[in-house]
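Novice: Fold the stuff below for me.
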Amino acid sequence: MKANTKILNATKFAGGSVLALGMMMFLIGIVSDFALWTSIGIGTVTGAVFIFLIGLFFAATEEMLGKSIKGTKETSPLGKV
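Specialist: Here you go, the predicted structure:
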C-alpha cells in the first residue's frame, strides 16, 4: 500500500501543479482578452486531468496485481502438450 500512496502523492502533486498553472493561464487569457493564452490554459487543464487519471489507473493496477493470486499453474485443457 505504501507504493500506491507514493504514486498517488506524486500524481496529486504533478497534476495539481499543472492544473494551477493551466487555470492561471486561462484566467489571464480571459481577463486580457488574449485567445492564445485562453486556449493554452484549456489544454493545460485538460492535460492535468489526464495526468491525474493515468496516475490513478497505475495505482489501481498495482493494487490489483498485488491482490492477485501468485504461483498458480496454468494447465492446458488438453493435458500435457
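
Novice: which residues does A14 contact?
Specialist: Going by CB atoms under 8 Å, 6 or more residues apart in numbering, A14 touches I51, G55. Every C-beta, even on glycine, is put in place using the N, C-alpha and C of the backbone.

Novice: What residues of whatever helix or strand it lives in count as buried?
Specialist: Using DSSP states H and E, A14 maps to helix 2-31. Within helix 2-31, the residues that count as buried by 16 or more other CB atoms under 10 Å are I7, L8, T11, G15, V18, L19, L21, G22, M25, F26, G29.

Novice: What's the mean pLDDT across that helix?
Specialist: Mean pLDDT, helix 2-31: 91.

Novice: what about that helix, distance to the chain center?
Specialist: The chain centre lies 11 Å from the centre of helix 2-31; the measure is CA atoms, centre = their mean, to the nearest Å.

Novice: Equivalent analysis for stretch 30-43, please.
Specialist: 24 Å.

Novice: would you put the C-alpha positions of it in CSV?
Specialist: Extracted C-alpha coordinates of stretch 30-43, given in CSV (Å, rounded to 0.1, in the frame of the first residue of the first chain):
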residue,chain,number,x,y,z
ILE,A,30,-9.9,35.7,-20.2
VAL,A,31,-9.0,38.9,-18.4
SER,A,32,-6.6,40.3,-21.0
ASP,A,33,-8.8,39.1,-23.9
PHE,A,34,-5.9,37.1,-25.4
ALA,A,35,-7.3,34.0,-27.1
LEU,A,36,-3.9,32.2,-27.3
TRP,A,37,-3.5,32.2,-23.6
THR,A,38,-7.0,31.0,-23.1
SER,A,39,-6.6,28.1,-25.5
ILE,A,40,-3.2,27.1,-23.9
GLY,A,41,-4.8,27.3,-20.5
ILE,A,42,-7.7,25.0,-21.6
GLY,A,43,-5.2,22.5,-23.0
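
Novice: which residues sit against it?
Specialist: Contacts of stretch 30-43 (CB under 8 Å, 6+ apart): G22, M23, M24, M25, F26, L27, I28, G29.
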